[in-house]
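Peer 1: Okay, predicted coordinates and the sequence, questions at the end:
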Amino acid sequence: MLVKIPFIDYNKLVMKNTTTENDMSRFDHSLYCLPEAELRRKVTNRVVTYYNESPSTVKNDGVRSLVIKKIDRIGNSKSDGRRYIQGEVQDLDDGGKTKFRTLHVAGITKVKSRLATAIKLAKSVY
């Protein structure tokens, strides 16, 4: 079941990053409108490619590989209406450290399959 969010202004969903060009062609529209339970199922315990809104201190290009371990909250920003998730992520670009992060759903451009996630995690250990 697809839920329509009437107040979405797709122009505001473009992530602004001076080090990357995250445009609407990279934005995964299918994730943005998923119900909470389906979004949790799709991204939890999976490697996601995430474009930082601000320049990254870990990677120059701002493109991050993260494993979303646990989602504590899914909501919409009061200031601009963008959908976000908050929770525990494993940062594969920063030595696999586990951190609490808020990620804009519009910044998630790719979700790897369970098999691809297992392979990526195995490679990151060695």
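Peer 2: Yes, it's here. Numbering: from 1, shown residues only.

Peer 1: Now do the buried residues in the helix of greatest length in the chain.
Peer 2: Identified as the longest helix of the chain according to DSSP state H is helix 114-125. Across helix 114-125, burial judged by 16 or more other C-beta atoms under 10 Å covers residue 117. Where C-beta positions appear, they are placed from N, C-alpha and C, glycine not excepted.

Peer 1: Could you list every helix and strand that it packs against?
Peer 2: strand 47-51, strand 63-76 (3 or more C-beta pairs under 8 Å, 6 or more residues apart in numbering; DSSP states H and E).

Peer 1: shaky segments in the protein?
Peer 2: Within the chain, the ranges that satisfy pLDDT under 70 run 1-29, 60, 125-126.

Peer 1: Centre-most residue in it?
Peer 2: Among the residues of the chain, residue 108 comes closest to the average C-alpha position under C-alpha atoms, centre = their mean, at 3.4 Å.

Peer 1: quick one: the strands in this protein?
Peer 2: Remark: strands assigned in the chain by DSSP state E are 47-51, 63-76, 83-91, 97-104, 108-111.

Peer 1: what's in contact with the third one?
Peer 2: Strand 83-91 has contacts (C-beta atoms under 8 Å, 6 or more residues apart in numbering) with 5, 32, 39, 43, 58, 64, 66-77, 96-106.

Peer 1: Name whatever forms a beta bridge with the residue nearest to the centre of the chain.
Peer 2: Using DSSP bridges, the bridge partners assigned to residue 108 are residue 50.

Peer 1: ok, it - contacts?
Peer 2: By C-beta under 8 Å, 6+ apart, the contact list for residue 108 reads 28, 31, 43, 48, 49, 50.

Peer 1: hang on, residue 120 packs against residue 47?
Peer 2: Yes: between residue 120 and residue 47 there is a contact under C-beta atoms under 8 Å: 4.8 Å.
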